[in-house]
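# Structure for the following, please:
(chains A and B)
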Amino acid sequence: MESAGALRVEARWAAVTSCFPYDCGVMLGVVVEDRGRFTLVRVSGEVDMATAPTLRQEFVRLVGEGRVDLVVDLAAVDFIDSTGLGILIGGLKRARSQGGDLRVCTPTGQVAEVFSLTGLAGVLRPIDADELERAGRTVDQT
Amino acid sequence: MTSGISLQIPAQPEYLSLVRAVIAAAAALDPGLGDQRIEDLRLAVSEAATNAIEAHATLGSDERITIRCDLSGDRIEVEVQDRARGLTPEDLVEPDALDAPGRLEHEGGFGIPLMRVLADEMKIRSLEHGTAVQLVVYTSKQSD
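Predicted coordinates:
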C-alpha cells in the first residue's frame, strides 16, 4: 500500500511561469506525507534558482514543527542544479541541528549524476523503500 | 560552416528553464553529441546563467543576459554574457575540490566546479560592462 501510512498529505505547488506568455510547464511540486517517524517530502519537477526557495521554505517549516526526520523522494525530479544541492544541504544541516536527519531516496538520471559529481552521494544518506514502508506500517498499527 | 543562435533573457530566475530548453534543443541538432553530453552542457549553461542572474540582482540591474550558442562542427560553444559584475578570474580559484573533506559544510559554491567538470573548456573574459563565460563541449569527432 503505497500511501497507507500517510496520515496527512500536504501539497505545495510553486507555479513559476505565471509571467510567461506560454506554458512550458515549469513547476516544482512538493508533497509532504507522514510515514511513521519519517516525514516524506516528495519533490517533483525542476529544482533551480527559480523553484528552490519553495523547497527551502518547506524544510524550514517542517523542522520548525519538530518534524526532523526527513526523507526526500527525488524520483520525480527531472533536473537539479547547484542551487538545489545547496537547499538539500541546508535542509540536512537544519534537521541534524535538531537531532534529526535528512535522507534521500531514488535519485535517478541527472539528479544521481550531479550527486555523484559533487560528492553529495556520500553525504546524504539514502533510505530504501523497505525501511520507509516498515516505518509507515508501524504507524498504521498504532 | 558555423551556425548558431542568440538568446536574450531578462535577468530573472524564471527564465532559466527556457535557457536550458533552448540549449538542449540546439545541442541536439549536432548528431555527434550524445544525450549525456547534452545533459552536461544543459547544466553547465544553467549554472552560468544562474551566476549571471545573481550578479544582476546584486547590482539591481534590469539589463538582459545574452546567451549565444555556436555549433561549429567539432564543438559546441556557448557564451553567457552578463552586464554586471559576473564572475571574475578570482572567482574561479576554487578553494576546495568538490570531494574535499568538509566541503559540504558550505551550502553554496557548487556552480563553478560543476561547470568545470561538465564542460571540456571553460573560459572567462572580463568585458567593459560585464563578464562573458564561455563553455565548450567537444562533439564525438574531437573527444574520441
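# Name the spans of chain B whose pLDDT lies under the cut-off.
Applying pLDDT under 70 to chain B flags residues B:1-2, B:85-107, B:141-144.
# packing partners for the one helix or strand residue A:86 maps to?
Following DSSP states H and E, one finds residue A:86 within helix A:82-97. Counting contacts by 3 or more C-beta pairs under 8 Å, 6 or more residues apart in numbering or on different chains; DSSP states H and E, helix A:82-97 is packed against strand A:38-47, helix A:52-64, strand A:69-80, strand A:101-105, helix B:35-59. For every residue, glycine as well, the C-beta is placed using N, CA and C.
# Apply 10 Å and report the result again.
strand A:38-47, helix A:52-64, strand A:69-80, strand A:101-105, helix A:109-118, helix B:35-59, helix B:111-118 (3 or more C-beta pairs under 10 Å, 6 or more residues apart in numbering or on different chains; DSSP states H and E).
# avg pLDDT for it?
For helix A:82-97, mean pLDDT rounds to 95.
# What residues sit buried inside that helix?
By 16 or more other C-beta atoms under 10 Å in any protein chain shown, the buried positions in helix A:82-97 come out as A:82-92, A:94-95.
# Of those, which is the nearest to residue B:76?
For those, the closest approach to residue B:76 (C-beta to C-beta) belongs to residue A:82, at 21.3 Å.
# hmm, back to that, who wins for proximity to residue B:125 among the helices and strands packed on helix A:82-97?
helix B:35-59 (12.6 Å).
# before we move on, back to that, and of the buried residues of helix A:82-97, the nearest to residue B:56?
residue A:83 (15.6 Å).
# surely that closest one meets residue A:28?
No: contact criterion C-beta atoms under 10 Å: residue A:83 and residue A:28 do not qualify, at 11.7 Å.
# Common neighbours of the two, please.
A:47-48, A:50-53, A:55 (C-beta atoms under 10 Å, 6 or more residues apart in numbering or on different chains).
# Dump the helices and strands packed on helix A:82-97 into a markdown table; add mean neighbour count and distance to residue B:80 as well.
Output for the helices and strands packed on helix A:82-97, formatted as a markdown table (neighbours: other C-beta atoms under 10 Å in any protein chain shown; distance: least, C-beta to C-beta, whole Å):
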| stretch | mean neighbour count | distance to residue B:80 |
| --- | --- | --- |
| strand A:38-47 | 23 | 19 |
| helix A:52-64 | 18 | 19 |
| strand A:69-80 | 21 | 17 |
| strand A:101-105 | 20 | 30 |
| helix A:109-118 | 18 | 19 |
| helix B:35-59 | 22 | 4 |
| helix B:111-118 | 20 | 10 |
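# What sits closest to residue A:63 if chain neighbours are left out?
Of all residues not flanking residue A:63 in the chain, residue A:94 sits nearest, at 4.9 Å (C-beta to C-beta, 6 or more residues apart in numbering or on different chains).
# need the contact list for the one you found.
By C-beta under 10 Å, 6+ apart, residue A:94 lies in contact with A:56, A:59-60, A:62-64, A:68, A:70, A:100, A:102.
# try residue B:68
Per C-beta under 10 Å, 6+ apart, neighbours of residue B:68: B:4-8, B:77-81, B:132, B:134.
# Mind giving me the ChimeraX select for those residues, buried ones only?
ChimeraX command restricting the contacts of residue B:68 to the buried ones, with burial defined by 16+ other C-beta under 10 Å:
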select /B:7,77,78,79,80,81,132,134
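# could you pick out which of the contacts of residue B:68 are near chain A?
When C-beta under 10 Å from any C-beta of the partner chain is applied, no member of these is adjacent to chain A.
# just the contacts of residue B:68 now: which is nearest residue B:110?
Nearest member of the contacts of residue B:68 to residue B:110, counting by C-beta to C-beta, is residue B:80, at 16.9 Å.
# ok, now which ones touch that closest one?
B:7, B:19, B:23, B:44-53, B:65-69, B:86-87, B:115, B:131-135.
# With secondary structure added, can I get the contacts of residue B:68 in CSV?
As requested, these are exported to CSV (DSSP: H, G, I helix; E, B strand; the rest coil):
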residue, secondary structure
B:4, strand
B:5, strand
B:6, strand
B:7, strand
B:8, strand
B:77, strand
B:78, strand
B:79, strand
B:80, strand
B:81, strand
B:132, strand
B:134, strand
